[in-house]
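Participant: Any chance you could fold what I've pasted below:
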Amino acid sequence: MAEVSSGFFAEDRVVLPQGGPLYLQLKRWIEDAIRRGDIQAGDALPSERDLAAKVDVSRVTVRKAVLQLVKDGVLVQRHGSGTFVAPQAPRVEQSLSQLTSFTEDMARRGMAVRAEWLERGLYLPSPEETVILGLSSGEQVARISRLRLTGDTPLAIERASLSARIVPDPEAIGDSLYRHLDKSGNRPIRAIQRIRAANLNEQDAQLLQVAVGSAGLNIERTSYLASGRVIEFTRSVYRGDTYDFVAELRLGDSPASGDKA
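Facilitator: Next comes the predicted model:
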């Protein structure tokens, strides 16, 4: 485990980024050092007292900055050992302009991914599932929940709901839900996604191996067949430190050629 007290933190001059409370300036200074590679995953930070003396701020300021960085997953604290730079999860770019499965999307990026099943079976639908999926009275819903990982790093939690008429045997689903739906001619051709920022609750944070309250992305996707029928309703939770969603934007239709200024 690298000791950096005699390296980066031993430099004479400390200039904090300006703007905002001191603890946020200190937080940004540490984040910038990690981003530049001046301190790296596994490196130890100086003690709270030493860092306060080095930067010429109070220990309360250092404590607030460190706790915020721990909450964001940038630092980790180990009882009796100190504070260290956390391993940095690989960032993934996902397009918002194509409807692909998680497995297909990661394969195109050359990333080996795997899934751990959290839930897979037939259930009585919730009122929300009944309405969104257009289920009839007495009809069951197939629910599949998976933790998506690359290596040992969890990336996302996917919780999908489909009509039991479409997926009568959830146990038969392999690595890709869309590949499974494709076999029966029920692969969706379009979807509507809603993305919002959220702080991860205790259950999701534990599954994603980050601190409770860490930044995450909640994504709701409603997918449709060519007929317009809803085929899938999925609620996913993504780690905020691993995902960048990218969309290509184009200028709207140009004015008709007959319209002149």
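Participant: and the longest helix for this protein?
Facilitator: helix 22-36 (DSSP state H).
Participant: Now whichever helix or strand comes after that one: average pLDDT?
Facilitator: Remark: after helix 22-36, the chain's next helix or strand is helix 48-55, criterion DSSP states H and E. The average of the pLDDT scores along helix 48-55 is 89.
Participant: And the helix or strand following helix 48-55, what does it pack against?
Facilitator: Next helix or strand after helix 48-55 toward the C-terminus (DSSP H and E): helix 59-71. On a contact count with 3 or more CB pairs under 8 Å, 6 or more residues apart in numbering; DSSP states H and E, helix 59-71 meets helix 22-36, helix 48-55, strand 75-78. C-beta coordinates here come from the backbone N, C-alpha and C atoms, glycine included.
Participant: Try it again at 10 Å.
Facilitator: Under the contact criterion of 3 or more CB pairs under 10 Å, 6 or more residues apart in numbering; DSSP states H and E, helix 59-71 touches helix 22-36, helix 48-55, strand 75-78, strand 82-85.
Participant: now the strands for this protein?
Facilitator: 75-78, 82-85, 92-95, 113-123, 141-150, 153-163, 190-199, 215-224, 230-239, 243-246 (DSSP state E).
Participant: Make a markdown table from those and add distance to Gly19 and mean neighbour count to it.
Facilitator: Formatted as a markdown table, the strands of the chain follow (distance: least, CB to CB, whole Å; neighbours: other CB atoms under 10 Å):
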| stretch | distance to Gly19 | mean neighbour count |
| --- | --- | --- |
| strand 75-78 | 22 | 16 |
| strand 82-85 | 24 | 19 |
| strand 92-95 | 29 | 15 |
| strand 113-123 | 39 | 15 |
| strand 141-150 | 35 | 20 |
| strand 153-163 | 32 | 21 |
| strand 190-199 | 22 | 12 |
| strand 215-224 | 20 | 18 |
| strand 230-239 | 27 | 21 |
| strand 243-246 | 25 | 12 |
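Participant: Out of these, which is closest to Asp182?
Facilitator: strand 230-239 (11.6 Å; CB to CB).
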